[in-house]
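1. Let me see the structure of the following:
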Amino acid sequence: MRKTPALALALLCAAGAIGAADKPLVVELWPGQVPNQFKDVGPEKWRMSPSLPPKKVVVTEPTRVLTGVTRPSITIYPPPKKKNNGGSMLICPGGGYWDLYWQLEGEEVAQWVNSLGMTGIILKYRVPRQPDESPREPARRPLQDAQRAISLIRSRATEWGLDPHRIGMVGFSAGGHLAIATATRFDKRSYNPTDDVDKVSCRPDFAILAYPGTLKDNDKNELAPGLSVPPGTPPVFLAHGGADIVSPPEHSVVMYLALRQAGIPAELHIYENGPHGVGLAPTDATLSSWPSRLEAWLRGRGLLNSAGK
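-> Residues are numbered from 1 along each chain as shown. Presented below is the predicted three-dimensional model:
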């Protein structure tokens, strides 16, 4: 009988704490018309993901997935008040810009973020892709939602008990691409500003990429077209599986090298036998160490310290 790793136990405890708390706060991102939303892809639909072979992903059992998102929003999970250190993470579930793996790469991550004393904020960005978005390129509307979300969180940081200088992002798969796109395109909005919220910085203070995709050029060992690392890019943590056949680890390697060349603090972990879609991998004795390494990175950068310490 395999022992349950400490992370799995922590998640179970956090899940109980969240389940006993009040319902999380849900806030729509846009005050009126959502930009560039010319086609209604709704209604929103929940479904269970298909079962996949272990060679492709760690989580082979179905997990809850959301699609048909027309009205993007953020769902806010604060930690217990006594543990709250003021930090926060905007969580971007993956799904190829077609779906959102809401349970595996959203709710479970928010629980773990809470265990660190940080507020977990799940981004419900627009999926699936719309007809004018190529299936071979990253969808462009999610970046609008992510930029708006960071500005919205920072504009209401005092109200929500958050440190406006410790608002980071964590993304999985396509969500990892979204996190680094937001972290490197903070100097220009991907939409026309709508109100005072858009006057507030949309630069995250750190970015975490778990098995991201679409970062590497298809034919060269360099960043994909449209990606660059400008001065001011925040520190980045990357984790990837060496056996990932959905999004090969070269995507993270190329990004890591680009960050180093630009002088941006970065840390990269590659797990030899790790496949795609592991989430926090709480039941895998080896892969479950990546959140612990992330916690050490956050702690080393002072991102888990309470305000003023």
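2. Ranking helices and strands of this structure by mean pLDDT, which lands last?
-> Here the helix or strand of the chain ranked lowest by mean pLDDT, DSSP states H and E is helix 6-20, holding a mean of 46.
3. Beyond it, next helix or strand please.
-> Later in the chain than helix 6-20, the nearest helix or strand by DSSP states H and E is strand 25-28.
4. Show the secondary-structure elements that that following strand is packed against.
-> strand 73-77 (3 or more C-beta pairs under 8 Å, 6 or more residues apart in numbering; DSSP states H and E). Backbone N, C-alpha and C define where each C-beta goes, glycine included.
5. in the chain, which ranges drop under the pLDDT threshold?
-> 1-21, 39, 52-61, 307-309 (pLDDT under 70).
6. all helices of it, in order?
-> Ranges of helices in the chain, per DSSP state H, are 6-20, 108-115, 141-155, 157-160, 174-184, 250-261, 290-300.
7. With respect to burial, which of the ones you listed scores highest?
-> helix 174-184 (a mean of 28; mean count of other C-beta atoms under 10 Å).
8. Alpha carbons only: can I get that helix in PDB?
-> As requested, the backbone C-alpha atoms of helix 174-184 are provided in PDB (Å, rounded to 0.1, in the frame of the first residue of the first chain):
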ATOM      1  CA  ALA A 174      -2.100  26.700 -21.700                       C
ATOM      2  CA  GLY A 175      -2.600  28.600 -18.500                       C
ATOM      3  CA  GLY A 176       1.200  28.600 -18.100                       C
ATOM      4  CA  HIS A 177       1.500  30.300 -21.500                       C
ATOM      5  CA  LEU A 178      -1.100  32.800 -20.400                       C
ATOM      6  CA  ALA A 179       0.800  33.500 -17.200                       C
ATOM      7  CA  ILE A 180       4.100  34.300 -19.000                       C
ATOM      8  CA  ALA A 181       2.300  36.200 -21.700                       C
ATOM      9  CA  THR A 182       0.800  38.500 -19.000                       C
ATOM     10  CA  ALA A 183       4.200  38.700 -17.200                       C
ATOM     11  CA  THR A 184       6.000  39.900 -20.300                       C
END
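9. Which residues does that helix contact?
-> With C-beta atoms under 8 Å, 6 or more residues apart in numbering as the test, helix 174-184 has contacts from 91-97, 105, 125, 138, 142-143, 146-147, 150, 169-171, 202-204, 207-215, 227-230, 233-234, 236, 255.
10. That helix vs helix 108-115, what angle?
-> Angle of helix 174-184 versus helix 108-115, following axes from the mean of the first three to the mean of the last three C-alpha atoms, to 10 degrees, is 50 degrees.
11. quick one: helix 174-184 to helix 141-155, angle?
-> Put simply, helix 174-184 runs at 60 degrees to helix 141-155, going by the same axes, to 10 degrees.
12. how many neighbours does P235 have?
-> By other C-beta atoms under 10 Å, 20 other residues sit near P235.
13. I figured it hits L209, correct?
-> No - using C-beta atoms under 8 Å, P235 is not in contact with L209, being 11.6 Å away.
14. out of the helices of the chain, nearest to T75?
-> helix 108-115 (7.9 Å; C-beta to C-beta).
15. So which elements touch the closest one?
-> Going by 3+ C-beta pairs under 8 Å, 6+ apart, helix 108-115 lies up against helix 6-20, strand 73-77, strand 88-92, strand 119-124, strand 167-172.
16. Now do the second one: distance to the chain's middle.
-> Going by C-alpha atoms, centre = their mean, to the nearest Å, the spacing between the C-alpha centre of strand 73-77 and its chain's C-alpha centre is 13 Å.
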